[in-house]
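sharing a sequence plus its predicted fold:
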Amino acid sequence: MSFKRDSTDTSLLRNLKFRRVSEILAQQIPEDEARLLSNGRLTCLVCLHRPIFDNVNMLSIHRKGRRHIAGKINFVFDIYRNCRFIDHHLIIYYRTK
Ligand SMILES: [Zn+2]
């Protein structure tokens, strides 16, 4: 028994290919940018309004959006500022030691 496609629906094949590529690329989402909630949904930690998504594909589509990219600039800046804050306190700690 073999499976053979009867039709030549290119849009269906294109959608399946896009979905498969997005599933593969979704694995590259950094852990500090998304969190898995207790109900199985995902939330974006970069955006301030914390949008909630049903699956990884929706999150990966959201990550390409304009609002997420604008929020990512502030997210990276906050990480940098927090690192400088930690470094500053570590310097004070080591100076007083
Ligand atoms: Zn986002």
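Done, it's in.

low pLDDT regions in the chain?
Low-confidence segments of the chain (pLDDT under 70): 1-8, 22-26, 84-97.

now the strands for it?
Under the criterion DSSP state E, the chain contains strands at 34-36, 42-44, 52-53.

mind checking how far the residue nearest the centre of the chain is from Ile73?
Central residue of the chain (CA atoms, centre = their mean): Ile29, 4.4 Å from the mean position. Counting by CB to CB, to the nearest Å, the gap from Ile29 to Ile73 is 18 Å. C-beta coordinates here come from the backbone N, C-alpha and C atoms, glycine included.

any idea how far the nearest residue to Leu59 once chain neighbours are set aside is from Ile79?
Once flanking residues are discounted, Leu59 sits nearest to Phe53: 4.5 Å by CB to CB, 6 or more residues apart in numbering. Distance from Phe53 to Ile79, counting by CB to CB: 22 Å.

what of Gly40?
27 Å.

these two: who's more crowded?
Each of Gly40 and Ile79 has its neighbours counted (other CB atoms under 10 Å); Ile79 has more, 11 against 8.

for that one, what are its contacts?
Contacts for Ile79 (CB atoms under 8 Å, 6 or more residues apart in numbering) come out as none.

distance of it relative to Val46?
11 Å.

what parts of this protein come near the ion?
44, 46-47, 68 (CB under 5 Å from the ion).

of the residues you listed, buried ones?
The neighbour-count test (16 or more other CB atoms under 10 Å) applied to these identifies 44, 46-47, 68 as buried.
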